[in-house]
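[1] show me the folded form of this:
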Amino acid sequence: MYIRKTTRKYKGKTYSNYLLVESHHTANGPRQKVICSLGDLKPRPREGWLKLARQVEAKLSGQAPLFEEPDEEAEAIVRKVRKDKAAKGTPGKGDRGRNKPNDLLAVHTDEVTTERHREAGSVHVGYRFWKRLGLDKILTDVGLTARARALTCVMTMNRLVHPSSELAMPDWIRSTALDDLLGMDFAWLAEDALYRNLDRLHPQRAAIESALFEREQNLFNLDQAVFLYDLTSTYFEGGAARNPKARRGYSRDKRPDCKQVVVGLVVNRDGFPIAHEVFEGNTQDRETVGKMLDLIDKRVGLEPGQTVVVDRGMAYDDNLQEITDRKLHYMVASRQSERDAWLADFEDPEGFEEVIRQPSPRNPFQKKSHIQVKRRRRDEETLVLCLSSERKEKDRAIREKQEGRFRADVAKLEARIRGGGLVQPVKIGEAMGRLKERYPRVARYYALAYDPETKHLTCHLDPTKRGNAEKLDGSYILKSDRDDLSAEEGWRFYMLLTRAENAFRSMKSPLLMRPIHHQREDRVETHIFLSVLAYHLLVAIEKTLLDQGVHTSWATVRETLRTHQVCTVVLPADGGSVLRIRRASTPELQHVELYELLGVPTTIIAPRKTWSDGQAPDSDAKNT
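    Sure, this is the predicted structure:
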């Protein structure tokens, strides 16, 4: 509280009036409320006004100062405030309930208890962003019922807050305040209802995804100048015999023993998902480019001049031709073998410039990355030659590891031939080809040969090629058909692809998209779709914080808000009746700070009172 002086002129004279003012926070920022008018107080220095306001505030809150002399003027102001509040029928600060006869209650204080504590903070934020993104309206527009919309909401909240299977999901839902937030009773919810909801959602995925990105464009002022496309894989628990897309292929999860599907995801420069697709588990990256471009065109529309950024797995001529045929630009990392032609340029320090990649503010232990880049033009392509000292050590370690495995497998093949386990020259040739496919990084500087007459396999190292490979450790090439990019701009443009990689990282942890326990193709696709929906909420939350300069991850927000709960306070009243008040706990400082940054109200639910004749639970009580 503080005292504000106001003046006004009347008939040539200036009159002063003093107001007791209280400052408080609202959803729209700080606001000031006039408590009462104090009239024309006797003059005193500025420090005196502050002391007087502090004494008034302390007395109104019921806290008497220990080391200050009582102030008669402060006592008079307190009496005036309480009198004004009583006349208006509203309680003053520290006097809540004293002037409301219907609110008075005699309670057996030794018997006061609390019950039904539920985690609320994280689902409160998630549900607020669900409403902010307009997901309830989007689901209504595609024809889902109120119950289906509620189930979709709680299933998405589960993936966002505490990912679990549909079997475990009902128990988790009942452990949160989602029933309070949505006004639904989930006491009898079983997993079968969730499985059926997956079936209802499946045919509506494309329409929901398109409408959601359109809503995000307007809400966050997003652009469509850049499309970042990448793929990942996610594996199954079980045989997945009823899913034709479940195949064994290159496993990015390091689980080659499991069947998997490949997930393609397109995001914009801010990391918001635009479209996703689920491919068969043995699909190669290069086979998906045309399909995803068709999907983007169908969902949001492609326009000439937009740029598609892809990884080196899609750096083939037919993929790049597919992009340019649609009058789009491309930015891609070239395949490793293309570096050989530029060995002299990599060895020549002339023309390189240094750029610095700043560490993520979320990771204080991450170091700056120093990259050297050089621009070259070739056949209407812009090439950016990149050298990374940190990547050099990584490349060397990978190459030496692959070389050791390659030589070990060659020795095994040689032993099979020598022992008579492999005799036919055609089969031996196929085995040699598989080795070269498995270890392309090192097989190119080894010459494998089989002599049918001597039945001997030889493996010769080409030291020149190996030496060149060592010199190229830590190097890579970016290429684009755009000629308006400098070396640094081209490198930073390609680094945007990390937004798609971050999306996959978030979908796998903390959203736990893997492993998949479903066996049917449609339910697998809807399971992944729910993970994408949860990621929409996650990136919207993090974007809201980032726009205010706060580099806090959703995982941190989620953990911080765990302690903000909703519970029922049980008050045994005089006379045998029991009053139960369902309400949220008072938010702590760290909760309030996050809520304010996210634009989320600190009040989770309005208090709800119920009366009963005994210690019956809430469900048996009668609302008042």
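
[2] hey, let's count contacts and neighbours off CA atoms from now on
    Fine.

[3] can you tell me which residue is nearest the centre of the protein?
    The chain has Leu538 as the residue nearest its centroid, 3.0 Å off, counting by Cα atoms, centre = their mean.

[4] confirm that it sits in a helix.
    Yes - judged by DSSP: H, G, I helix; E, B strand; the rest coil, Leu538 forms part of a helix.

[5] setting aside sequence neighbours, what's the nearest residue to it?
    Trp554 (6.3 Å; Cα to Cα, 6 or more residues apart in numbering).

[6] how many neighbours does the one you found have?
    21 (other Cα atoms under 10 Å).

[7] could you report the distance from it to Glu593?
    According to Cα to Cα, to the nearest Å, Trp554 stands 15 Å off from Glu593.

[8] just to revisit the earlier point, report pLDDT for the residue nearest to the centre of the chain.
    At Leu538, the model reports a pLDDT of 94.

[9] mind listing the helices for the stretch 1-150 of the chain?
    Ranges of helices in the stretch 1-150 of the chain, per DSSP state H, counting those that start in this stretch, are 46-60, 72-88, 121-132, 135-141, 146-161.

[10] so which of the ones you listed is nearest Met507?
    Across the helices of the stretch 1-150 of the chain, Met507 has its closest neighbour in helix 146-161 (9.1 Å, Cα to Cα).

[11] C-terminal to that closest one, what's the next element?
    Using DSSP states H and E, the helix or strand that directly follows helix 146-161 along the chain is helix 169-174.

[12] ok, and what's touching that following helix?
    If you take Cα atoms under 8 Å, 6 or more residues apart in numbering as the criterion, helix 169-174 is touched by Val154, Met155, Asn158, His162, Phe186, Ala187, Leu189, Ala190, Glu191.

[13] now do stretch 556-571
    With Cα under 8 Å, 6+ apart, stretch 556-571 has contacts from 107-109, 111-122, 161, 177, 578-588, 590-591, 594.

[14] buried subset of those?
    Buried by 16 or more other Cα atoms under 10 Å: 107, 116-122, 161, 177, 578-585, 587, 591, 594, out of the contacts of stretch 556-571.

[15] for this protein, what's the longest helix?
    helix 389-418 (DSSP state H).

[16] what's downstream of that helix, the next helix or strand?
    Downstream of helix 389-418, the first helix or strand assigned by DSSP H and E is helix 425-438.

[17] that following helix vs helix 389-418, what angle?
    Angle, helix 425-438 to helix 389-418, by axes from the mean of the first three to the mean of the last three Cα atoms, to 10 degrees: 170 degrees.

[18] and helix 425-438, average pLDDT?
    Averaging pLDDT along helix 425-438 yields 90.

[19] likewise stretch 137-150?
    For stretch 137-150, mean pLDDT is 96.

[20] how long is it from one end to the other?
    Using Cα to Cα, the end-to-end distance of stretch 137-150 comes out at 12 Å.

[21] what are the buried residues along it?
    Quick answer for stretch 137-150 (16+ other Cα under 10 Å): Ile138, Leu139, Leu144, Ala148, Arg149, Ala150.

[22] isn't the first one up against Ala211?
    Yes - here Ile138 lies in contact with Ala211, judged by Cα atoms under 8 Å, at a distance of 6.7 Å.

[23] give me the common contacts of those two.
    Joint contacts of Ile138 and Ala211 (Cα under 8 Å, 6+ apart) do not exist.

[24] between the buried residues of stretch 137-150, which is closest to Gln519?
    Ala148 (22.2 Å).

[25] who's Val261 bridged to?
    In this structure, Val261 bridges to Thr234, Glu280 when assessed by DSSP bridges.

[26] so it sits right up against Tyr235, yeah?
    Yes - Val261 sits in contact with Tyr235 when judged by Cα under 8 Å, with a separation of 6.6 Å.

[27] quick one: pLDDT of Tyr2?
    pLDDT, Tyr2: 67.

[28] wait, I meant Trp611
    Trp611 is assigned a predicted lDDT (pLDDT) of 88.

[29] so what's it closest to, chain neighbours aside?
    Of all residues not flanking Trp611 in the chain, Leu579 sits nearest, at 4.7 Å (Cα to Cα, 6+ apart).

[30] mind listing what that neighbour touches?
    Val570, Leu571, Pro572, Ala573, Lys609, Thr610, Trp611, Ser612.

[31] count of residues packed around the last one?
    The tally of other residues near Ser612 (other Cα under 10 Å) stands at 19.

[32] what is it paired to in the beta sheet?
    Ser612 has these beta-bridge partners by DSSP bridges: Val578.

[33] against Gly575, how distant is it?
    Taken as Cα to Cα, the span from Ser612 to Gly575 is 12 Å.

[34] any weak-confidence spans in the stretch 301-450 of the chain?
    Within the stretch 301-450 of the chain, the ranges that satisfy pLDDT under 70 run 358-368.

[35] strands along the stretch 401-550 of the chain, start to end?
    Taking DSSP state E, counting those that start in this stretch to define them, one finds strands in the stretch 401-550 of the chain at 446-451, 456-461, 475-480.
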